[in-house]
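Trainee: when you get a sec, could you give me coordinates for this:
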Amino acid sequence: MTQVQRQTYGKLSVRLNDRSSNDDWKQQLQLPAPDLRSKTEDVTATKGNDFEDYLLKKELLMGIFELGFEKPSPIQEAAIPIALTGLYSESIIPLILYVGKDILARAKNGTGKTAAFCIPAVEVVDVNLKAIQGILRSTADSGSH
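Mentor: Predicted structure coming up:
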């Protein structure tokens, strides 16, 4: 049986993937057809990170890839590490405002904002704990704030 490794960031303990295991799981994924639409800089101007860089659970990574995500967008690269660790870099201030336990993000439609918050929320959920473990709140862009 493989022992689960964890990394602690303040009060948050994050499960680390066993990087020594093979990547056969990737070959078993049922991927959707590639998205051939042209993409703007809002989603292409990334730092070059991969979802695997965030040390997410294998099952979550499988779901991410099977939904058609290939690489994190700029808003996801900015928000996911903050949401998982609570640490942020000054270089992402235009995208992210981290206030206590809240993260406020602003990006154009279709840039991956929903996934930027849902991925870390799902990562830290303990499926054995039968309780509310997080709340995601979104404000509509309808102008009625």
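Trainee: after the helix or strand bottoming out on mean pLDDT in the chain comes which helix or strand?
Mentor: Here the helix or strand of the chain ranked lowest by mean pLDDT, DSSP states H and E is strand 12-16, holding a mean of 46. Using DSSP states H and E, the next helix or strand after strand 12-16 towards the C-terminus is helix 24-27.
Trainee: quick check: buried residues in that next one?
Mentor: Judged by neighbour count (16 or more other CB atoms under 10 Å), helix 24-27 contains no buried residues. Every C-beta, even on glycine, is put in place using the N, C-alpha and C of the backbone.
Trainee: list of residues touching it?
Mentor: K58, M62, F65 (CB atoms under 8 Å, 6 or more residues apart in numbering).
Trainee: which stretches of the protein have low pLDDT?
Mentor: Residues of the chain meeting the criterion pLDDT under 70: 1-23, 86-101, 136-145.
Trainee: please redo it, this time with the cut-off set to 90
Mentor: 1-48, 78-79, 81-110, 113-114, 117-118, 120-145 (pLDDT under 90).
Trainee: ok, which stretches of it are helices?
Mentor: Counting by DSSP state H, the chain has helices at residues 24-27, 41-44, 58-66, 74-85, 113-123.
Trainee: count the neighbours of the closest residue to A115 other than its chain neighbours for me.
Mentor: Nearest residue to A115, sequence neighbours excluded (CB to CB, 6 or more residues apart in numbering): Q76, at 6.1 Å. Q76 is flanked by 28 other residues according to other CB atoms under 10 Å.
Trainee: residues touching Q76, list them.
Mentor: G112, A115, A116, I119.
Trainee: just the buried members of the residues you listed?
Mentor: Among the contacts of Q76, the ones that count as buried by 16+ other CB under 10 Å are G112, A115, A116, I119.
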